[in-house]
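Colleague: I would like to see how this sequence folds:
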Amino acid sequence: METRRIVDILRNAQPDESVTIQGWVRTKRALKEFSFMEVNDGSFMANLQVVLNPDLPDYENILKQLNTGASVEVSGILAPSPGKGQRIELKASKVKVYGDANPETYPLQKKRHSFEFLRTIGHLRSRTNTLGAVFRVRNACAHAIHQFFQERGFLWVHTPIITANDCEGAGELFCVTNLNLKEIPQTEAGEIDYSQDFFGRKAYLTVSGQLQAEVMAMTFRDVYTFGPTFRAENSNTSRHLAEFWMVEPEMAFCDLSGDMDLAEEFLKYIFKSVLEKCPEDMEFFNKRIDDSVLATADNIINNEFERVTYTEAIALLEKAKRKFEYPVSWGLDLQSEHERYLAEELFKKPVIVTDYPVEIKAFYMRLNEDEKTVRAMDVLAPKIGEIIGGSQREERLDILEQRLQAQGMNPEELWWYLDLRRYGTVPHAGFGLGFERLVQFMTGMGNIRDVIPFPRAPLSAEF
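Modeller: Predicted coordinates:
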């Protein structure tokens, strides 16, 4: 008999159908006349109730093994459920226990556990309702991202994880080395001799695939990356990870306006798709985690994003009848409290801020005619602030060289990037979205470490 997923049974199956399920026991209750247990296979928020009658082969022995966490295979006939909260249940005719779980040592008994505790048992925490829902939403979100770009003819590009360049210029890189750390070779000047390292030079874990995506966009027009990135930022906040996933589209023959249009369309598409694919999980988050989750999704999907320049945003913040912790002044970067004020309180919907001062943005962003601002854009969302950052890229060789030198970077190290401006340069634009930030925003989860299966953060790199 073919094994069926519990999500399919609870949504579509009818009484009198014969089915086989495989999963893990969530709860068991033994009564005098019969027993029942709830089984979950990770495919759905709800469990399937299984009724066990005493005439089941080896009933007493099997019952002793059906502890919370045990893995089972159950075959039987579906029947209408007399209990509240479920439409259908499974009357077992055969039960096979694959693996028991000692109730005295299994850490996930039927009670509420704090997220802090669950992080200490990362190998088991996905079996809980909340983390199970998180990872189903994460999966649906990732699928929607690929679907969005593939439907529009974008090429998915696998950019390198090991790189020789710092895309952001922030210096927060993990160095990759194969040198013997007990006997590090040195140059005559007493510095580390990276010429003897694996790559013959300094190498790092990537902080962004953008520069390489620009290479591919110069051939394929519209491309996107979706892969892991790394930041050696010693931050223990609820919004930072050392390893996270980034989505970065790059479009040739595209300006800042087209970049903003795509970013808005992208967010609407992802939220709508996840609501359609994971309605029960999203309802759970709205009920148990953050009662504004569904309203936030509706706000994203059904509003036109407001668009203001950085200069206009500063003027609006200066007029605000409230005191900010961080100062507001033209030339300073917007802080999270400023971003959230604009999106939550002032406009009450997503806002795209454009044309930031040149001094606070990366070297690759296109310089405006005023030479004071660049064609950058940040998408600000209620409850989180910046969710997307992007720009039109500087396609003019002479100005890009000037920008590199102004930021103290060596143009020779980016010779290949400058070549893109020498040979067939075109206006192009793109943006970056931190995938975990999106999942955290979508689910209302309080800590970003709870929306990635195996979080990497300072002093945290188990298995």
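Colleague: Tell me where the stretch 201-350 of the chain has strands.
Modeller: 204-205, 222-230, 243-252, 306-309 (DSSP state E, counting those that start in this stretch).
Colleague: Would you list the strands that the last one pairs with, along with their directions?
Modeller: Using DSSP bridges, the strands paired with strand 306-309 are strand 351-357 (parallel).
Colleague: ok, residues contacting the strand it pairs with?
Modeller: Identification of contacts with strand 351-357 by CB atoms under 8 Å, 6 or more residues apart in numbering yields 256, 260, 263-264, 305-311, 313, 330-331, 333-334, 339, 342-343, 368, 372-380. Backbone N, C-alpha and C define where each C-beta goes, glycine included.
Colleague: which of these are buried?
Modeller: Buried members of the contacts of strand 351-357, counted by 16 or more other CB atoms under 10 Å: 256, 260, 263-264, 305-308, 310-311, 313, 334, 339, 342-343, 368, 373-380.
Colleague: Mind checking which of the residues you listed are in helices?
Modeller: Of the buried ones among the contacts of strand 351-357, the ones assigned to helices by DSSP state H are 256, 260, 263-264, 310-311, 313, 339.
Colleague: could you dump those to a markdown table with pLDDT and distance to G132?
Modeller: Formatted as a markdown table, these follow (pLDDT from 0 to 100; distance: CB to CB, whole Å):
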| residue | pLDDT | distance to G132 |
| --- | --- | --- |
| L256 | 98 | 40 |
| M260 | 98 | 36 |
| A263 | 98 | 30 |
| E264 | 98 | 31 |
| Y310 | 98 | 41 |
| T311 | 98 | 46 |
| A313 | 98 | 40 |
| E339 | 97 | 31 |
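Colleague: Among those, which one sits closest to T206?
Modeller: A263 (21.9 Å; CB to CB).
Colleague: Just list the residues touching that closest one, thanks.
Modeller: Applying CB under 8 Å, 6+ apart, we find A263 in contact with 352, 377, 379, 388, 390, 431.
Colleague: can you pull out the strands in the stretch 51-200 of the chain?
Modeller: 71-80, 88-99, 155-156, 162-163.
Colleague: how about the ones you listed, which one is nearest A362?
Modeller: Here strand 162-163 is closest among these (CB to CB), at 15.5 Å.
Colleague: where's the closest one relative to the chain centroid, distance-wise?
Modeller: Distance of strand 162-163 from the chain centroid (CA atoms, centre = their mean, to the nearest Å) equals 22 Å.
Colleague: So what are the sheet partners of it and their directions?
Modeller: strand 204-205 (antiparallel).
Colleague: And the average pLDDT for the partner strand is what?
Modeller: Taken as a whole, strand 204-205 carries a mean pLDDT of 95.
Colleague: Residues contacting that strand, please?
Modeller: 161-166, 173-176, 229-230.
Colleague: Among those, the buried ones, what's the PyMOL command?
Modeller: Burial among the contacts of strand 204-205 is assessed by 16+ other CB under 10 Å; the matching PyMOL selection reads:
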select buried, resi 163+165+166+173+176+229+230
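Colleague: Select from the contacts of strand 204-205 the entry with the lowest predicted confidence.
Modeller: For the contacts of strand 204-205, the pLDDT minimum is D166, 67.
Colleague: rewinding a little: output the strands of the stretch 201-350 of the chain as TSV; include the columns distance to K323.
Modeller: Shown next, in TSV, are these (distance: least, CB to CB, whole Å):
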stretch	distance to K323
strand 204-205	40
strand 222-230	36
strand 243-252	33
strand 306-309	22
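Colleague: I'd like to know which of these is closest to H146.
Modeller: strand 222-230 (7.1 Å).
Colleague: Give me the residues contacting that closest one.
Modeller: In contact with strand 222-230 (CB under 8 Å, 6+ apart) are residues 142, 145-146, 149, 152-159, 161, 173-174, 205-210, 212-213, 216-217, 242-252, 435.
Colleague: One more: stretch 128-148?
Modeller: The contact list for stretch 128-148 (CB under 8 Å, 6+ apart) reads 40, 42, 45, 108, 113, 115, 118, 125-126, 156, 226, 247, 266, 269-270, 273-274, 277-278, 281-282, 284-285, 288-289, 435, 438-439, 442-443, 445, 450-453.
Colleague: Which among those count as buried?
Modeller: By 16+ other CB under 10 Å, the contacts of stretch 128-148 give 40, 45, 108, 118, 125, 226, 247, 266, 269-270, 273-274, 277-278, 281-282, 284-285, 289, 435, 438-439, 442-443, 445, 450-452 as buried.
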